[in-house]
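Colleague: Fold the following, please.
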Amino acid sequence: MKIKVLFFDDIFSDMFRKTHDGEQLAFDDAWFDSIERELTNGQIKGIDFEIVKSGEIELWPYLIERAEPDLVLLDLYWYERAKQQGGECRAIDISLEALKGIRKRYPDLPVIQYTVKPDRETMDQSYEAGATFFLEKVPLAVPEAHSALKYLMIYLMRSK
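Modeller: Coordinates of the predicted model:
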């Protein structure tokens, strides 16, 4: 079984990379690298993950059509994009609007949304917008910390 994951996170955008210091970039890069290692380590025979990364959330329609992912990972907060559009208060709205659009156009496409230290209101908003599942972004760059994500993805693909 091959599982293609479309991974939307502002850490992949040029805008994010130009506006954050090396320490922040190192943290985010280590976090993503540990997820990538966990998904692509080949430890589960017969299951291969392919990851497509994008920091351009506004291109979601094009990217989903082009990549044809089996599931989407979607960051909740898009601060840099929100600042560019007139205010940090829209950081969540940008993601939720994309999620609503994805759900409308692709009702059966699993979408896992995540953020650091979510609160109940945030998770409720995400589920109301159409998230299949919500995860806390674990700030550990240890692949074992991301095993649950891997097994959740496999479970979601089994039910397809």
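
Colleague: Check the gap between Asn41 and Ala148 for me.
Modeller: Here Asn41 is placed at a distance of 15 Å from Ala148 (C-beta to C-beta, to the nearest Å). For glycine as for every other residue, the C-beta is placed from the backbone atoms N, C-alpha and C.

Colleague: Phi first, then psi, for Leu25.
Modeller: In this entry, Leu25 is assigned phi and psi values of phi -60, psi -40 (degrees, to the nearest 10).

Colleague: what's the burial count for the residue lying closest to it once chain neighbours are set aside?
Modeller: Of all residues not flanking Leu25 in the chain, Arg17 sits nearest, at 6.5 Å (C-beta to C-beta, 6 or more residues apart in numbering). Neighbourhood size, Arg17 [other C-beta atoms under 10 Å]: 16.

Colleague: and Arg17, how far is that from Ile3?
Modeller: Counting by C-beta to C-beta - Arg17 and Ile3 are separated by 27 Å.

Colleague: Please, where are all the strands along this structure?
Modeller: Shown for the chain, the strands assigned by DSSP state E span residues 2-8, 48-54, 71-75, 111-115, 133-136.

Colleague: and of the ones you listed, who's closest to Ser95?
Modeller: strand 71-75 (6.2 Å; C-beta to C-beta).

Colleague: could you give the angle of that closest one to strand 2-8?
Modeller: 20 degrees (axes from the mean of the first three to the mean of the last three C-alpha atoms, to 10 degrees).

Colleague: any idea how far the residue lying farthest from the centre of the chain is from Gly86?
Modeller: In terms of distance from the mean C-alpha position of the chain, Lys45 ranks first, at 24.5 Å (C-alpha atoms, centre = their mean). According to C-beta to C-beta, Lys45 and Gly86 sit 50 Å apart.
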